[in-house]
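sharing a model prediction with you, sequence too.
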Amino acid sequence: MPHRHALILLLFIVAGVLAGGVAGWIWGPAMQSVAWMGDLFLTALKMLIVPLIIAAVISGVASLGDVRKLGRVGGATLLYYLCTTGLAVFIGLVMVNLIQPGAGLNISDGEIPQKVLEKEQTGAVDILMSLVSPNLMAAAAETDLLPLIVFAILFSAALTTVGERGAHVIAFFDGVNEAMMKLVVWLMYFAPLGIFALVAARLGKAGGGEAFLAELTAVGLHVITVLSGLALHFLVLGLILFFVAGRGLDYLVGMLRALFTAFGTASSSATLPLTMECARENRVDERAVRFVLPLGSTVNMDGTALYEAAAVMFIAQAYGIELSVGQQAIVFVTATLAAIGAAGIPEAGLVTMIIVLNAVGLPLEGIGLLLAVDWFLDRFRTSVNVWGDAVGAAVIGRLMHWNDRRRQSS
Ligand code: ASP
């Protein structure tokens, strides 16, 4: 997308978010009448994800060259993601220990939401199992992206080993990828309206401004803890971007369309097409755009990780249960795992939180405490998730460049 168009579109998207907030605040439930517009935008984005991810990952992995390089780049990407997710959990734990949002809170037993009840037995092994699917079509139908990505990586690696015939297939997926990115650019022009409707309708569903404010203040300190933790991590990622990837504010500005879309949709998977297009316009190495971003959108969720740690500690405090340093270490590990296991869809973090709660023996009913404001915090954590992916792509892209130059000079 031309630079001027991108800036104008960004202004319209910001206006869309603000107008959505104001309309939802003032007119409350009446704004649910525009929900269809948001759903249309979201559904159109989702329509692009499966073909885009498959084509991007296949052509991205193939462009890495030989299979050994895939191992190195893949390893570096996963290590980087693990470190930044761990950092996010750490920040969450520090904030919740400092602010103590749940201390002295008067709780009556909450209720366990249905979607949590269905997954009550979820454990760490389930995260491992989610890497594969017995039926790729079923996975695609449910937009269950991780098995599709794993398959695309393996498939592409195999293609690179079968010579000319493999090269034809790779060229086909290169073409599909290019065409999908064109569709993304076209769809982007509808983002302002779509995001306006998503924000207005959701705030309307919450009952409008005053009802929402009452719910927000009931757990005000929890909201402050999460939002300040997310803001801090956002800055930390900015520092990594500056010092490791050598990029500055222009990179953030270039990513803003994706970040606001993440805010509007509360889904990092649905935002992925925009994240890729913005990163590409931001001159991120094309190999990183096609490989690092799709992987990141499903496994790298810094905001979710931070939220899970902070929320579980909040629940413990609200129930008057003291968690020792050892138990907080368990929260650290399981929150990282739970974030990796969370799908990039709205409020997925709430469900994988079961893993963390079970690990330290806290009541699942505690999740009831978070329900009223979860949709709101979800939007901020999803934006941080997408920012984490974007910074990751810039960092890994830079590492690839260094590596290329080192090879050329040796
Ligand atoms: N909505 C988040 C995402 O799509 C996941 C979550 O934290 O619930 O990235």
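Now that the structure is in, tell me what you want to look at. Numbers count the residues shown, from 1 in each chain.

ranges for the helices of the stretch 201-350 of the chain?
Ranges of helices within the stretch 201-350 of the chain are 209-218, 220-243, 249-265, 268-281, 286-299, 302-318, 325-341, 348-359, based on DSSP state H, counting those that start in this stretch.

ranking those by burial, who's on top?
helix 302-318 (a mean of 29; mean count of other Cβ atoms under 10 Å). (Each C-beta comes from the backbone N, C-alpha and C, glycine too.)

that one packs against which elements?
Counting contacts by 3 or more Cβ pairs under 8 Å, 6 or more residues apart in numbering; DSSP states H and E, helix 302-318 packs against helix 67-99, helix 220-243, helix 325-341, helix 348-359, helix 371-409.

name the element residue 173 belongs to?
helix 163-188 (DSSP states H and E).

report the angle between that helix and helix 286-299.
Interaxial angle of helix 163-188 relative to helix 286-299 (axes from the mean of the first three to the mean of the last three Cα atoms, to 10 degrees): 70 degrees.

can you give me the offset of helix 163-188 from its chain's centre?
Its chain's C-alpha centre and that of helix 163-188 lie 24 Å apart, by Cα atoms, centre = their mean, to the nearest Å.

pick out the residue in the protein sitting closest to the ligand.
Scanning the chain for the residue nearest the ligand gives residue 349, at 3.0 Å (criterion: Cβ to the nearest ligand atom).

need the pLDDT of the closest residue to that residue other than its chain neighbours.
Nearest non-adjacent residue to residue 349, counting by Cβ to Cβ, 6 or more residues apart in numbering: residue 304, 4.2 Å away. We have a pLDDT of 96 for residue 304.

what does the chain put close to the ligand?
Within the chain, the positions adjacent to the ligand are 266-268, 301, 304, 342, 344-349, 378, 381-382, 385 by Cβ under 6 Å from any ligand atom.

how deep is the closest residue to residue 307 other than its chain neighbours tucked in, by neighbour count?
Counting by Cβ to Cβ, 6+ apart, residue 381 is the residue found nearest to residue 307 once chain neighbours are left out, at 4.8 Å. Applying other Cβ atoms under 10 Å, we find 31 residues neighbouring residue 381.

i'd like the first residue to be 22 from this point on
Will do, 22 is the new start, and the previous item becomes residue 402.

I'd guessed residue 402 sits against residue 250; true?
No: Residue 402 is beyond contact range of residue 250, at 9.6 Å (criterion: Cβ atoms under 8 Å).

what residues are shared contacts of those two?
residue 327 (Cβ atoms under 8 Å, 6 or more residues apart in numbering).

who's in contact with residue 396?
Here residue 396 is in contact with 223, 227, 287, 367-368 (Cβ under 8 Å, 6+ apart).

who's in contact with the residue nearest to residue 328?
Contacts of residue 402 by Cβ under 8 Å, 6+ apart are 247, 251, 322, 324-325, 327-328, 370.

and it, what's its pLDDT?
pLDDT at residue 402 comes out at 96.

skip the chain neighbours and tell me the closest residue to residue 201.
Nearest non-adjacent residue to residue 201 (Cβ to Cβ, 6+ apart): residue 73, at 4.3 Å.

I'd say the one you found and residue 200 touch.
No: between residue 73 and residue 200 there is no contact under Cβ under 8 Å: 9.6 Å.

which SSE is residue 86 in?
If you go by DSSP H and E, residue 86 is not part of any helix or strand.

show the backbone phi and psi for the residue lying closest to it once chain neighbours are set aside.
Of all residues beyond its chain neighbours, the one nearest residue 86 is residue 181 (7.7 Å), with distances taken as Cβ to Cβ, 6+ apart. For residue 181, the backbone dihedrals (degrees, to the nearest 10) come out as phi -70, psi -10.

residue 87: what's it in contact with?
Residue 87 neighbours (Cβ under 8 Å, 6+ apart): residue 181.

and if we set it to 10 Å?
Shown in contact with residue 87 (Cβ atoms under 10 Å, 6 or more residues apart in numbering): 178, 181-182.

same question, residue 320
Here residue 320 is in contact with 98-99, 102-103, 106, 148, 152, 166-167, 170, 360-363, 365, 410 (criterion: Cβ under 10 Å, 6+ apart).

ok, of these, which one's closest to residue 63?
residue 365 (12.6 Å; Cβ to Cβ).

tell me the contacts of the closest one?
Contacts of residue 365 (Cβ under 10 Å, 6+ apart): 70, 164, 166-167, 283, 286-293, 317-322, 325, 403, 406-407, 410.

coming back round to it: buried ones from the contacts of residue 87, can you make that a PyMOL selection?
Of the contacts of residue 87, the buried ones can be selected in PyMOL as follows, counting by 16 or more other Cβ atoms under 10 Å:
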select buried, resi 178+181
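
the residue nearest to residue 281 when sequence neighbours are not counted: neighbour count?
Leaving aside its sequence neighbours, residue 281 sits nearest to residue 34 (Cβ to Cβ, 6+ apart; 4.8 Å). For residue 34, the neighbour count with other Cβ under 10 Å is 26.

do residue 199 as well
Residue 199: 11 neighbours (other Cβ under 10 Å).

cool, and residue 103?
Considering only other Cβ under 10 Å, residue 103 is surrounded by 14 other residues.

pretty sure it contacts residue 317?
No: look at residue 103 against residue 317 with Cβ atoms under 10 Å: they stay out of range, at 11.7 Å.

residues contacting the nearest residue to residue 306 once chain neighbours are set aside?
Closest residue in space to residue 306, ignoring its immediate chain neighbours: residue 418 at 3.3 Å, by Cβ to Cβ, 6+ apart. Shown in contact with residue 418 (Cβ under 10 Å, 6+ apart): 266, 268, 300, 303-310, 313.

out of the contacts of residue 320, which is nearest to residue 425?
residue 98 (16.3 Å).

the closest one touches residue 105, doesn't it?
No: Residue 98 lies out of contact with residue 105 (Cβ under 10 Å); the separation is 11.0 Å.
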